[in-house]
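[1] got a sequence here, can you build the structure:
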Amino acid sequence: MSRFLFLFTIGPVQSFIAQARKTHDLYTGSRLMSDLVGYAIERLPQDMELIFPTPSHKDLGNTLNSTPNEFIALIHCDDPREIGEKLKREVQNKFKTIVNDDVITKQGLSKPNGLDRQIEDFPEVYWAAIQFNDGDNYHEKYKQLTRLMGAVKNTRTFKQLPEEGRKCSLCGERNALFYKPNIDENGFEKRPKYIDDNAIKINDTRMARGEALCGICFVKRYYWKDEKSFHPLP
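    This is a model prediction of the structure:
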(Lines give C-alpha, C1' and ligand atoms only; values in the text may rest on other atoms or scores of the structure.)
Protein backbone atom coordinates (compact mmCIF):
# COMPACT_ATOMS: atom_id res chain seq x y z
CA MET A 1 0.00 0.00 0.00
CA SER A 2 1.37 3.41 -1.01
CA ARG A 3 0.83 6.94 0.24
CA PHE A 4 -0.56 9.63 -2.06
CA LEU A 5 -1.05 13.36 -1.88
CA PHE A 6 -4.68 13.72 -2.95
CA LEU A 7 -6.47 16.86 -4.16
CA PHE A 8 -10.26 16.91 -4.56
CA THR A 9 -12.30 19.86 -5.80
CA ILE A 10 -15.84 20.58 -6.98
CA GLY A 11 -17.33 23.29 -9.15
CA PRO A 12 -18.24 25.41 -10.93
CA VAL A 13 -17.82 27.56 -7.81
CA GLN A 14 -17.44 31.14 -9.03
CA SER A 15 -20.22 31.05 -11.61
CA PHE A 16 -22.54 28.96 -9.42
CA ILE A 17 -22.29 31.37 -6.49
CA ALA A 18 -22.21 34.55 -8.60
CA GLN A 19 -25.38 33.64 -10.53
CA ALA A 20 -27.69 35.22 -7.97
CA ARG A 21 -30.54 37.68 -7.66
CA LYS A 22 -30.69 37.73 -3.88
CA THR A 23 -28.27 37.73 -0.96
CA HIS A 24 -29.89 34.42 -0.11
CA ASP A 25 -28.69 32.93 -3.42
CA LEU A 26 -25.10 33.95 -2.67
CA TYR A 27 -25.26 32.43 0.81
CA THR A 28 -26.91 29.15 -0.12
CA GLY A 29 -24.77 28.69 -3.23
CA SER A 30 -21.62 28.97 -1.14
CA ARG A 31 -23.09 26.87 1.66
CA LEU A 32 -24.19 24.09 -0.69
CA MET A 33 -20.73 23.77 -2.24
CA SER A 34 -19.14 23.81 1.21
CA ASP A 35 -21.48 21.13 2.51
CA LEU A 36 -20.76 18.86 -0.45
CA VAL A 37 -17.00 19.16 0.11
CA GLY A 38 -17.52 18.50 3.81
CA TYR A 39 -19.51 15.40 2.90
CA ALA A 40 -16.65 14.18 0.68
CA ILE A 41 -14.17 14.64 3.53
CA GLU A 42 -16.39 12.61 5.82
CA ARG A 43 -16.33 9.77 3.27
CA LEU A 44 -12.53 9.53 3.21
CA PRO A 45 -10.83 6.46 4.71
CA GLN A 46 -10.30 6.76 8.46
CA ASP A 47 -6.50 6.51 8.16
CA MET A 48 -6.20 9.57 5.95
CA GLU A 49 -4.38 12.73 7.07
CA LEU A 50 -6.31 15.89 6.24
CA ILE A 51 -3.95 18.73 5.32
CA PHE A 52 -6.40 21.38 4.13
CA PRO A 53 -8.77 22.50 5.56
CA THR A 54 -7.09 21.94 8.91
CA PRO A 55 -9.79 20.66 11.35
CA SER A 56 -10.16 16.92 11.92
CA HIS A 57 -12.59 15.51 9.36
CA LYS A 58 -14.49 13.89 12.20
CA ASP A 59 -15.29 17.29 13.70
CA LEU A 60 -15.58 19.20 10.45
CA GLY A 61 -19.31 19.70 10.52
CA ASN A 62 -19.21 21.05 14.06
CA THR A 63 -16.14 23.27 13.77
CA LEU A 64 -16.72 24.96 10.42
CA ASN A 65 -19.79 26.75 9.16
CA SER A 66 -18.33 26.63 5.68
CA THR A 67 -15.40 24.90 4.02
CA PRO A 68 -13.51 25.64 0.82
CA ASN A 69 -14.51 23.99 -2.44
CA GLU A 70 -11.52 21.65 -2.22
CA PHE A 71 -9.45 19.60 0.18
CA ILE A 72 -5.96 18.10 0.27
CA ALA A 73 -5.20 14.90 2.14
CA LEU A 74 -2.60 12.18 2.46
CA ILE A 75 -4.25 8.84 1.72
CA HIS A 76 -3.00 5.27 1.92
CA CYS A 77 -4.16 2.95 -0.85
CA ASP A 78 -3.08 0.79 -3.75
CA ASP A 79 -4.92 2.79 -6.41
CA PRO A 80 -6.12 6.39 -5.78
CA ARG A 81 -8.51 6.07 -8.73
CA GLU A 82 -10.76 3.89 -6.60
CA ILE A 83 -11.03 6.58 -3.93
CA GLY A 84 -11.33 9.47 -6.39
CA GLU A 85 -14.09 7.91 -8.48
CA LYS A 86 -15.91 6.65 -5.39
CA LEU A 87 -15.94 10.14 -3.88
CA LYS A 88 -17.13 11.61 -7.18
CA ARG A 89 -20.10 9.21 -7.30
CA GLU A 90 -20.94 9.80 -3.65
CA VAL A 91 -20.86 13.59 -3.91
CA GLN A 92 -23.02 13.63 -7.04
CA ASN A 93 -25.43 11.15 -5.45
CA LYS A 94 -25.54 13.32 -2.32
CA PHE A 95 -26.57 16.29 -4.45
CA LYS A 96 -29.33 14.21 -6.04
CA THR A 97 -30.56 13.29 -2.55
CA ILE A 98 -30.59 16.97 -1.59
CA VAL A 99 -32.60 17.78 -4.71
CA ASN A 100 -35.14 14.99 -4.36
CA ASP A 101 -35.52 14.69 -0.58
CA ASP A 102 -34.45 18.00 0.97
CA VAL A 103 -36.00 20.28 -1.65
CA ILE A 104 -38.61 18.64 -3.91
CA THR A 105 -40.19 16.34 -1.31
CA LYS A 106 -39.90 18.83 1.55
CA GLN A 107 -41.66 21.49 -0.53
CA GLY A 108 -44.40 19.00 -1.48
CA LEU A 109 -43.69 19.34 -5.19
CA SER A 110 -43.85 17.01 -8.14
CA LYS A 111 -40.62 16.37 -10.03
CA PRO A 112 -40.73 18.16 -13.40
CA ASN A 113 -39.63 16.47 -16.60
CA GLY A 114 -36.00 17.25 -17.33
CA LEU A 115 -34.88 17.65 -13.72
CA ASP A 116 -32.90 14.41 -13.59
CA ARG A 117 -31.12 15.33 -16.83
CA GLN A 118 -30.12 18.75 -15.48
CA ILE A 119 -28.66 17.42 -12.23
CA GLU A 120 -27.09 14.24 -13.64
CA ASP A 121 -23.47 15.44 -13.63
CA PHE A 122 -23.68 18.18 -10.99
CA PRO A 123 -21.48 19.24 -9.35
CA GLU A 124 -18.42 19.00 -11.53
CA VAL A 125 -15.91 16.88 -9.62
CA TYR A 126 -12.16 16.80 -10.19
CA TRP A 127 -9.44 14.95 -8.34
CA ALA A 128 -5.73 14.30 -8.75
CA ALA A 129 -3.16 12.28 -6.82
CA ILE A 130 0.62 11.82 -6.82
CA GLN A 131 2.71 9.38 -4.81
CA PHE A 132 4.20 10.90 -1.66
CA ASN A 133 7.12 9.09 -0.04
CA ASP A 134 9.04 9.72 3.17
CA GLY A 135 11.53 12.50 2.58
CA ASP A 136 9.59 14.09 -0.28
CA ASN A 137 9.37 17.88 -0.26
CA TYR A 138 5.73 18.81 0.33
CA HIS A 139 5.86 22.13 -1.51
CA GLU A 140 7.40 20.57 -4.61
CA LYS A 141 4.86 17.76 -4.56
CA TYR A 142 2.05 20.26 -4.09
CA LYS A 143 3.20 22.19 -7.18
CA GLN A 144 3.21 18.96 -9.18
CA LEU A 145 -0.24 18.12 -7.87
CA THR A 146 -1.75 21.47 -8.83
CA ARG A 147 -0.25 21.22 -12.32
CA LEU A 148 -1.76 17.78 -12.66
CA MET A 149 -5.13 19.13 -11.49
CA GLY A 150 -4.93 21.87 -14.12
CA ALA A 151 -4.37 19.24 -16.79
CA VAL A 152 -7.31 17.20 -15.50
CA LYS A 153 -9.63 20.22 -15.72
CA ASN A 154 -8.39 21.15 -19.19
CA THR A 155 -9.18 17.70 -20.57
CA ARG A 156 -12.71 17.56 -19.16
CA THR A 157 -15.40 16.71 -21.71
CA PHE A 158 -18.38 19.06 -21.44
CA LYS A 159 -21.90 17.87 -22.18
CA GLN A 160 -24.29 20.13 -24.02
CA LEU A 161 -27.91 19.93 -22.88
CA PRO A 162 -30.11 19.96 -26.03
CA GLU A 163 -32.79 22.15 -24.47
CA GLU A 164 -35.06 24.60 -26.24
CA GLY A 165 -37.36 26.96 -24.42
CA ARG A 166 -37.38 29.55 -21.63
CA LYS A 167 -34.01 29.74 -19.91
CA CYS A 168 -33.40 30.10 -16.19
CA SER A 169 -33.60 33.63 -14.77
CA LEU A 170 -30.41 33.08 -12.74
CA CYS A 171 -27.94 31.14 -14.88
CA GLY A 172 -29.42 31.63 -18.35
CA GLU A 173 -27.97 28.23 -19.29
CA ARG A 174 -30.58 25.57 -18.54
CA ASN A 175 -34.31 25.46 -19.20
CA ALA A 176 -36.59 26.80 -16.50
CA LEU A 177 -38.48 24.03 -14.69
CA PHE A 178 -40.05 26.10 -11.89
CA TYR A 179 -41.77 29.47 -12.20
CA LYS A 180 -43.87 32.04 -10.39
CA PRO A 181 -46.57 33.54 -12.63
CA ASN A 182 -46.96 37.24 -13.27
CA ILE A 183 -50.23 39.02 -12.54
CA ASP A 184 -51.82 40.78 -15.52
CA GLU A 185 -53.74 44.07 -15.49
CA ASN A 186 -56.96 42.18 -14.72
CA GLY A 187 -55.52 40.41 -11.71
CA PHE A 188 -55.14 37.01 -13.39
CA GLU A 189 -52.06 34.83 -13.29
CA LYS A 190 -49.94 34.91 -16.43
CA ARG A 191 -47.37 32.20 -17.23
CA PRO A 192 -43.94 33.41 -18.36
CA LYS A 193 -43.47 33.18 -22.12
CA TYR A 194 -41.99 30.00 -23.60
CA ILE A 195 -42.09 28.14 -20.28
CA ASP A 196 -42.44 24.38 -20.63
CA ASP A 197 -45.96 23.01 -20.17
CA ASN A 198 -44.64 20.65 -17.48
CA ALA A 199 -42.90 23.37 -15.45
CA ILE A 200 -43.97 23.54 -11.80
CA LYS A 201 -45.77 26.64 -10.53
CA ILE A 202 -44.42 28.11 -7.28
CA ASN A 203 -46.34 30.63 -5.21
CA ASP A 204 -44.22 31.41 -2.16
CA THR A 205 -42.23 34.58 -1.46
CA ARG A 206 -38.81 33.15 -2.23
CA MET A 207 -39.51 33.57 -5.95
CA ALA A 208 -40.37 36.87 -7.62
CA ARG A 209 -43.28 37.35 -10.01
CA GLY A 210 -42.26 36.22 -13.48
CA GLU A 211 -39.13 34.49 -12.23
CA ALA A 212 -38.32 31.07 -13.69
CA LEU A 213 -35.55 28.77 -12.43
CA CYS A 214 -33.81 25.65 -13.68
CA GLY A 215 -33.50 22.65 -11.39
CA ILE A 216 -30.03 23.50 -10.09
CA CYS A 217 -30.78 27.17 -9.42
CA PHE A 218 -34.09 26.24 -7.79
CA VAL A 219 -32.20 23.99 -5.37
CA LYS A 220 -29.78 26.83 -4.65
CA ARG A 221 -32.72 29.12 -3.86
CA TYR A 222 -34.43 26.60 -1.57
CA TYR A 223 -31.47 24.85 0.07
CA TRP A 224 -30.56 25.03 3.72
CA LYS A 225 -28.64 22.59 5.90
CA ASP A 226 -31.12 22.53 8.77
CA GLU A 227 -33.94 24.72 9.96
CA LYS A 228 -32.23 25.66 13.25
CA SER A 229 -29.20 27.16 11.50
CA PHE A 230 -31.17 28.74 8.65
CA HIS A 231 -31.86 32.46 8.69
CA PRO A 232 -33.88 33.77 5.73
CA LEU A 233 -32.03 36.43 3.76
CA PRO A 234 -33.39 39.01 1.33
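
[2] switch to C-alpha atoms for all contacts and neighbour counts from now on
    Will do.

[3] my read: Arg174 touches Lys167, true?
    Yes. If you go by C-alpha atoms under 8 Å, Arg174 and Lys167 touch, sitting 5.6 Å apart.

[4] tell me, what's touching the two both at once?
    Jointly contacting Arg174 and Lys167 under the rule C-alpha atoms under 8 Å, 6 or more residues apart in numbering are Cys214.

[5] more neighbours, the two?
    Shown here are Arg174 and Lys167; by other C-alpha atoms under 10 Å, Arg174 has more neighbours (23 against 19).

[6] ok, now how distant is that one from Ile119?
    Arg174 sits at a distance of 10 Å from Ile119 (criterion: C-alpha to C-alpha, to the nearest Å).

[7] on the C-terminal side of the lowest-mean-pLDDT helix or strand in the chain, identify the next helix or strand.
    Scoring the helices and strands of the chain by mean pLDDT, DSSP states H and E places helix 60-63 at the bottom, with a mean of 46. Sequence order places strand 70-77 as the next helix or strand after helix 60-63, per DSSP states H and E.

[8] in whichever helix or strand comes after that following strand, which residues are buried?
    Downstream of strand 70-77, the next assigned helix or strand under DSSP H and E is helix 80-97. For helix 80-97, the buried set under the neighbour-count rule, 16 or more other C-alpha atoms under 10 Å, comprises 80, 83-84, 87-88, 90-93, 95-96.

[9] and these as CSV, adding pLDDT and distance to Gly135?
    CSV is the format used below for the buried residues of helix 80-97 (pLDDT from 0 to 100; distance: C-alpha to C-alpha, whole Å):
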residue, pLDDT, distance to Gly135
Pro80, 97, 20
Ile83, 97, 24
Gly84, 98, 25
Leu87, 98, 28
Lys88, 97, 30
Glu90, 98, 33
Val91, 98, 33
Gln92, 98, 36
Asn93, 98, 38
Phe95, 98, 39
Lys96, 98, 42
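
[10] of those residues, which is the nearest to Ile104?
    Looking at those and their distance to Ile104, the nearest is Lys96, at 10.5 Å (C-alpha to C-alpha).

[11] need the contact partners of the longest strand anywhere in the chain.
    Longest among the strand segments of the chain by residue count, using DSSP state E, is strand 2-11. Counting contacts by C-alpha under 8 Å, 6+ apart, the residues outside strand 2-11 that touch it are 33, 37, 69-78, 80, 84, 123-133, 141-142, 145, 149.

[12] and for stretch 105-118?
    Residues lying outside stretch 105-118 but in contact with it, judged by C-alpha under 8 Å, 6+ apart, are 104, 161, 174, 177, 198-200, 215-216.

[13] compare those and tell me which has the most neighbours.
    Looking at the contacts of stretch 105-118 with neighbours defined as other C-alpha under 10 Å, the largest count falls to Leu177 at 28 neighbours.
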